[in-house]
Structures are given as C-alpha cells and as structure tokens.
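Asker: sequence first, predicted coordinates after that:
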Amino acid sequence: MTVNVSSTATPAVRLSGAYDGVLSASAPYERVSMSFTPTAGTLVALPYGSISQLQIEAGSTPSSYIPTPVGATATRAAETLEIPADKIPWPEYVEVTGTELVTNGTFDSDTDWTKGTGWTISGGVATAAGPASDGSYFSQNIGLVAGKAYKYSIDLVSGTLNGTNYLAIRFGGTVDSFNITRTALLSGFFVADGSGDFRIRSEASQSDLVLDNISIKEVLPRAVSIHMEGDMTYADNDSGIESVFVGWELDVNNRILNLLYTSGSRTGAVQISQRNLGATGVTYSSTTAYSPGINVPFNIASRHGDTFINGAVDGTVLTANTTPTSLPDLSSTPLQLATLGGGMHIKEFAIWSEDIGDTGIGKVTT
C-alpha cells in the first residue's frame, strides 16, 4: 500500500503496493500528517525527492521541530510545567474566635501544666531535661473537640531536634499525632482526633529541649480542588507510578500527588493522594480507568481538605477517604504538572482555594 498525502489545498491520496506511505510538502518546514494502522513490522521513514530532513512523531498532536544533524536521531526530553507558588490560590486559615486556648503558654508562672518526669517550668520557659524527661509528657486540658481544626505554634528556645532528640505531639485522642524532628513543624495546623488534652512527649535523649510561647487557636478547615484535562501517551510498564499528573511537594512528608499507576492488574489506575506530618490519605479509581496507547484522553479532578480527600475520573466520583487529619501547607511551594512520563499534553488546568465538593469534581470531569 502506497499512501501519498499532499499538503496543498486539495490533498490527494493514492493507494497501491504494500505498506508504504509517502508525504509530500510544498514548502520548507511545512507540517503534513497521515493516519494508518500497520498490520505488522516497523515503520521506516526516508526523505523523498527534494526533501533532505524530516521529523516523525506518532500521534495527532505533534511537537515542535528538533534541529538534528543528517543521519542522527533525537528523543524529545520530557518537559515539566511549574507554576510558581505566588501564582497559585491557597486557602488561608481563618480563626473562629481568635481566643487563645492555652493558659500560661508563656510560662510566667509554674502553673496550669501537668509536668511529667524531667519537665520543669522556670524563668519564663518550659524545659524537658534530657535524658531525664525521655518518654515523659507535658500536658494541659484545653478543651479540644474531635474533628475541629486548630492552629498551633511552639518556640524552640534551645536544643537540637533530630531523629533521636525530638518532641511527639498529641492533639486529643490516645495516639501521638506526629513527631517534631525539625523546626519547620514547630508551627502548623491540625484536626483533633480526640477531645480534651494537648500533650507534648519528650524524647530528649541527648540534650535539654527548652520551649516557650505555646499557642493553640481554633480555625476553620481549609481545602483545595484541582482539575486537569488532556491526553497522554504511555505504555503499561507494570512499574507502579507510570505518570504524574500533579506534583505539589514541599518534601516527602508534605505533598499532594495525582498519579497514573500500572502494576499488576492495573492498566491505568488514577491515584489521588495527600500526605501531611507523615500521615497519608489515598483514594483510587478502578484498575482499568485508562488503557495504554497514543493520545489517550484523560479528565481528572481532586479535592483535598483537612479531613478528607477524593477524586473523579471522566465523570465518575471516587470513594472519599476521610482519614486525613490536616492538609499539608503548600502555600509557598511551586506546583508541577507532568513531572514523570513523556507524551502528556495538557488541555486545561484549574485550581480552587476551596472545596468544590463531589458534585463539582464530577461535573468538571464530565
């Protein structure tokens, strides 16, 4: 089969022979295309007539020309679109009443706190003596309500936080919420997983940890919603993460990731995830939401909040995960699109600094 395709106003097509396709152009750098379904074998492209150079790409969305020496080949490097943090809307916590819930958080007197072994209040600070305070709690009943959001801050006056010298924080409940092993976690937001006490457990096995200005105030919950539509070219490599639609990542413990998975029976499953303070919330589409191919259309959306995460794929809303206890603070973090997997074309991207709900993510992906 010979297929001649002309780029003139009235293209002409002629069929003959077997498995040959000829494209002709009337000017340099002109773009022409052809569509065919090979039955077997390999596509071989050669310059014809007066044409000395050409570029071949599979799919209906060609990219720009890559200047290449005669006889050489080139593979287009994957590109990532990064949106600066100051161009992304981010929900701000709004204090409900502005009331400080902690009594004597500045330690003006040795009162109001229940001190475990090795904890002392003196000179306007609280000290966890290492290693005497190792495994010991410092607490106050501030009336936390399970499911409500709070803003917290703690000043580390002196001491070193690392993997063996740290503070474990509990916001209600009976299980520590997370460990503070670096200064970035000395302030943030959380959702109480129980009622009553705020507790700090000392793991000061190396040196004293000196604290001041402990503050906790109630705030309204935050949420963001994300939508992305386009097409992708991928193969089922059975490799786990095949492509990354959205990568919004401060570090491995604070991030939002929307991924395409191919492993086991998954030919193209969408995973919506968020991770904050070491805790992960995830929801999945069906294992065969997408199938490998060229220019496979996709339309996905997600909603992320302090107490939930959910997604939608091509109009189908997934099952919400309500285990998250806080939204990662990505307000100063750039957002990246198509960070893994070449051959992704983005038709539309949108983000809201609010929760558009299951109805909203279902509608925008339809």
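Answerer: On my side now, so go ahead.
Asker: going by C-alpha atoms from here, please, whenever you check contacts or count neighbours.
Answerer: Noted.
Asker: check the offset of stretch 150-164 from the chain's centre.
Answerer: Offset of stretch 150-164 from its chain centre (C-alpha atoms, centre = their mean, to the nearest Å): 26 Å.
Asker: got the buried residues for that stretch?
Answerer: If you call a residue buried by 16 or more other C-alpha atoms under 10 Å, then stretch 150-164 has these buried ones: 150-156, 159-161.
Asker: now stretch 350-362
Answerer: Those would be 351-358, 360-362, for stretch 350-362 by 16+ other C-alpha under 10 Å.
Asker: quick revisit: any chance of the buried residues of stretch 150-164 in JSON lines, plus pLDDT?
Answerer: As requested, the buried residues of stretch 150-164 are arranged in JSON lines below (pLDDT from 0 to 100):
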{"residue": "150", "pLDDT": "92"}
{"residue": "151", "pLDDT": "91"}
{"residue": "152", "pLDDT": "94"}
{"residue": "153", "pLDDT": "95"}
{"residue": "154", "pLDDT": "96"}
{"residue": "155", "pLDDT": "96"}
{"residue": "156", "pLDDT": "95"}
{"residue": "159", "pLDDT": "93"}
{"residue": "160", "pLDDT": "90"}
{"residue": "161", "pLDDT": "92"}
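Asker: what would the residues you listed look like in CSV with secondary structure and distance to residue 281?
Answerer: Below are these laid out as CSV (DSSP: H, G, I helix; E, B strand; the rest coil; distance: C-alpha to C-alpha, whole Å):
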residue, secondary structure, distance to residue 281
150, strand, 19
151, strand, 20
152, strand, 22
153, strand, 24
154, strand, 26
155, strand, 29
156, strand, 29
159, coil, 32
160, coil, 30
161, coil, 26
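Asker: the one helix or strand residue 300 maps to pairs with which strands, and in what direction?
Answerer: Residue 300 belongs to strand 293-305 when assigned by DSSP states H and E. Partners of strand 293-305 in the sheet, by DSSP bridges, are strand 223-234 (antiparallel), strand 309-313 (antiparallel).
Asker: report all helices and strands that the next helix or strand after the last one contacts.
Answerer: In the C-terminal direction, the helix or strand that comes right after strand 309-313 (DSSP H and E) is strand 316-317. With contacts taken as 3 or more C-alpha pairs under 8 Å, 6 or more residues apart in numbering; DSSP states H and E, strand 316-317 sits against helix 357-364.
Asker: quick one: distance of the helix it packs on to the chain centre.
Answerer: Distance, centroid of helix 357-364 to centroid of chain: 19 Å (C-alpha atoms, centre = their mean).
Asker: and what of stretch 292-306?
Answerer: Average the C-alpha atoms of stretch 292-306, do the same for its chain, and the two points are 13 Å apart (C-alpha atoms, centre = their mean).
Asker: next, the contact list for the closest residue to residue 159 other than its chain neighbours, please.
Answerer: Sequence neighbours aside, residue 209 is the residue nearest to residue 159 in space, at 4.6 Å (criterion: C-alpha to C-alpha, 6 or more residues apart in numbering). Applying C-alpha atoms under 8 Å, 6 or more residues apart in numbering, we find residue 209 in contact with 127-130, 156-160.
Asker: alright, that wraps it up for me.
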